[in-house]
Structures are given as structure tokens and as C-alpha cells.
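Novice: This is the structure alone, sequence omitted:
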């Protein structure tokens, strides 16, 4: 009798525990750096409040964490793409909120450093009930797609890396410019190539045998890069764009107003003017407080004689103050200009948008990339991004795109 009654007691208990075993998964578990993934938790009690913690170790061995609390639905499930975080590192509906809200464990960590040599970034997600871990899952973020080719550029004075997407067709190309950090902006160029664009990550100071400081950089150098790209057999020479971030965005707008071969400009957080030189020996103080020091800086950020073709003359003012860019020359280009919420407090940003209103300008809605990502210019970039998360970065929240040029569209 005891032998026959054992299964009737054991099976319901087994089924009970199976139904209430907690799981967490990431779908998909391997994504490009600008793609979203959903974090799914199951097996919870209806309306149970639990936490999900995200952890990663970046390329500089710095630890980053975030944690948010969620309330399970009537089925005992949580889906970060559909349900809001109710407390913690962020409070809203965002499938990748645990990524863009990450902060370093050590306050001395200034910025996120991606894995070396384009390695994948592994992120762990832990389902927590109080201090007890219920389940764990992981996700890998990939910074460069399979099949992307890299060509080292060491041609005359040019220093850079050309990223080519798979395929034998001629590709539209983007000249990618870094900002005041110098070096070579390879990660953003790799992201563009992963999305079907050829991209030349061009170094122009603080790299190899190039100038050590952002001063006295001849604009002809960038004209040489444009000429080099246009003669590559993989490049569609009638489809050339330039993209820059911060100081590189100022440069991108300048080049777009000078070289007719440039058909489109993407400027991420630019100024309304070309600023004096910065970021040398006392880079930190000068870059962080450039407004107060601008009057005392006499050297130019970009100084050149008249360049050939339709470029015209480009000189800074004699007293060292920044020159206002001539945006009227951008009328025949497609220009996508991205600013963030904090930029609205800057007098330069106000002046910048005032100048744009004199052109044929369309203001787009707040930027959203694929799958609800909030970064208009995605790509996890060690030269410009501060937090992990790539194209899902909360640092892009509130950014608005401005498109200039005839027949331009926001989408």
C-alpha cells in the first residue's frame, strides 16, 4: 500500500516545485552592440517584487553594475521590454535599461572601456529575491559583424583604418572623426561597416607620428583623406559622408561646408563655432572649462591656408576667439545634427540652433534607433561613450535630430 501511494504524493509535489522554479533568460543572448535584447524572468509569484542585477567587467578590468526592481505580472513573469522598473538604477520601460543605467563600482573609473581587439562584452544578469540569487543568465554584445574587412591606412601622411562591409559592390563611405581625445575612432567605424557602410576611421592627432595636440592641424589633411577614399575600388565616390563627435563634430560641419564631394554630414553634439586649440598637457582642465579659458587661448584648433577646389579660405580670428561656421554652405548637403538635453543649457547650443533656423531645417522627434534604442549615432565607442550599452545608451536620451538640406527627411 505504501509503495503504490508514494507516486501519488511525490508527483504533485514535483509538479508544484517545477511550476515555481525561477528562471531568467536574455533573448537574444548574442547581439550586435547597437541591438536590443529582452530580459525575461519566469516562475515568480503573481505580483511578486524582485530585483534584476546586471554586472560586467570592461576592457580595463573595471566593474560596472546596475540593479532595478520589477513587479511580476499575473503569470509570475517579468519582461523588461514591456514592464517598467519601479525602483533602482532606472524607472521606466526599457528593454536595455539595465545596460544604459550601469555605473562603475569604483568612483575613480571615469569611462567605460570596451574589450580589447574588438572582443565581445559579456554581461551577467542575476534574478534576486532580497539577498538570495534565484537564477542567472548572460548576454554577449558584439562590436563588429562577421565578414567586415579591416585595411590599415599608412599612405603618405594619412593614418587610419578602413572598414569594409562584406560584398563586392561599391559601398557608400563615411569619414569618421574622433574628438578631443585624439587617436583613431575605430569602434564607431566598425559599427558602420557592420551596417553596410564603408568607413574610414581617420586619426589626425595623438596617434603614431601625428601631432600630439589638437593645434595646427591643416585642413588639407582631410582633403587628402577624401581624395584617397574616392579612388578606392570598393567605394562609391558619389556617396561620401563625414561623421564626427564633439570636437570632431565641429570639424565634420566645417568639412561639409568646404568640400562638395561630401554629400552628408552627421554631427554628434557639435558647437556652433570652431574653438581654439585644446587638450594638450593640461587637457583635463582646459577641456572641462574651455569657456573661461577660451579668451586666454591664442592658438587655433584648425588653421589652414586657402585650400584647393571650392573649399575657400578658413581662418580663425586674430584674437584667438572661435569663428562661427558658415552654415549657409550646408544648404546643398544633408546634415544630421544631434544634441542632448544638457546641451540646451549651453549658450553655444542656443546660438547654434538659432543659426540653423535661418536654413531650410526640419526638427525631428527624439531619436530612436532599431528596436527602440535611444542612440541616434549608435556604436559603443571608447573615444566618446562614457557608459556601457552601445546604441542603447541612456546618455542619448532626449537627443533630438536636426536635418538640414533640400528635400531632407527625418526618417
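Specialist: Good, I have the coordinates. Since the model is a prediction, treat every value here as computed from it, not as a measurement.

Novice: contacting residues around the residue nearest to residue 76 when sequence neighbours are not counted?
Specialist: Using CB to CB, 6 or more residues apart in numbering and skipping residues adjacent in sequence, the residue nearest residue 76 is residue 44, 4.1 Å away. C-beta coordinates here come from the backbone N, C-alpha and C atoms, glycine included. Contacts for residue 44 (CB atoms under 8 Å, 6 or more residues apart in numbering) come out as 22, 50, 72, 76-78.

Novice: Pick out whichever of the residues you listed sits closest to residue 177.
Specialist: Using CB to CB, residue 78 is the member of the contacts of residue 44 that lies nearest residue 177, at 41.6 Å.

Novice: Just give the number of residues close to that closest one.
Specialist: Residue 78 has 23 neighbours, counted by other CB atoms under 10 Å.

Novice: any chance you could map the strands in the stretch 51-200 of the chain?
Specialist: Along the stretch 51-200 of the chain, the stretches classed as strands by DSSP state E, counting those that start in this stretch are 63-71, 78-79, 87-88, 103-104, 121-129, 132-142, 149-155, 158-164, 171-177, 198-202.

Novice: Single out the most deeply packed of these.
Specialist: strand 198-202 (a mean of 28; mean count of other CB atoms under 10 Å).

Novice: what about the helix or strand that that strand is followed by, average pLDDT?
Specialist: Using DSSP states H and E, the next helix or strand after strand 198-202 towards the C-terminus is helix 220-230. What helix 220-230 shows for mean pLDDT is 96.

Novice: How about residues contacting stretch 154-165?
Specialist: Residues outside stretch 154-165 that contact it (CB under 8 Å, 6+ apart): 144-145, 147-153, 171, 184, 186, 189-190, 192-203, 207-210, 221, 224-225, 228-229, 232, 234.

Novice: element containing residue 264, please.
Specialist: strand 262-268.

Novice: Over to residue 253?
Specialist: Using DSSP H and E, residue 253 falls in helix 247-256.

Novice: any idea of the angle that helix forms with strand 198-202?
Specialist: Angle, helix 247-256 to strand 198-202, by axes from the mean of the first three to the mean of the last three CA atoms, to 10 degrees: 110 degrees.

Novice: what about residue 86, how many neighbours?
Specialist: By other CB under 10 Å, 12 other residues sit near residue 86.

Novice: partner residues bridging the residue nearest to it when sequence neighbours are not counted?
Specialist: Among residues not flanking residue 86 along the chain, residue 69 sits closest, at 5.4 Å (CB to CB, 6+ apart). Listed by DSSP bridges, the beta-bridge partners for residue 69 are residue 51, residue 87.

Novice: pretty sure residue 69 contacts residue 41?
Specialist: No. With contacts counted by CB atoms under 8 Å, residue 69 stays clear of residue 41, the gap being 11.8 Å.

Novice: can you list residues touching both of the two?
Specialist: Joint contacts of residue 69 and residue 41 (CB under 8 Å, 6+ apart) are residue 50.

Novice: The residue lying closest to residue 182 once chain neighbours are set aside and residue 110, how far apart?
Specialist: Of all residues not flanking residue 182 in the chain, residue 206 sits nearest, at 2.7 Å (CB to CB, 6+ apart). According to CB to CB, to the nearest Å, residue 206 and residue 110 sit 17 Å apart.

Novice: what about residue 166, neighbour count?
Specialist: 14.

Novice: Show me what the residue lying closest to residue 120 once chain neighbours are set aside is bridged to.
Specialist: Residue nearest to residue 120 in three dimensions, not counting chain neighbours: residue 140, with 4.4 Å by CB to CB, 6+ apart. Listed beta-bridge partners, residue 140: residue 30, residue 122 (assigned using DSSP bridges).

Novice: one step back: pull out the buried residues from the contacts of stretch 154-165.
Specialist: 144-145, 148, 153, 171, 184, 186, 189-190, 192-195, 197-203, 207, 210, 221, 225, 228-229, 232, 234 (16 or more other CB atoms under 10 Å).

Novice: Show the pLDDT at the closest residue to residue 139 other than its chain neighbours.
Specialist: Excluding its sequence neighbours, the residue lying closest to residue 139 (CB to CB, 6+ apart) is residue 26, at 4.2 Å. On the pLDDT scale, residue 26 is placed at 97.

Novice: Same question for residue 335.
Specialist: Confidence score, pLDDT, at residue 335: 77.

Novice: One more: residue 288?
Specialist: 30.

Novice: what about the strand holding residue 264, average pLDDT?
Specialist: Here the average pLDDT along strand 262-268 is 92.

Novice: Pull up the pairing partners for it, direction included.
Specialist: strand 235-245 (parallel), strand 334-339 (parallel).
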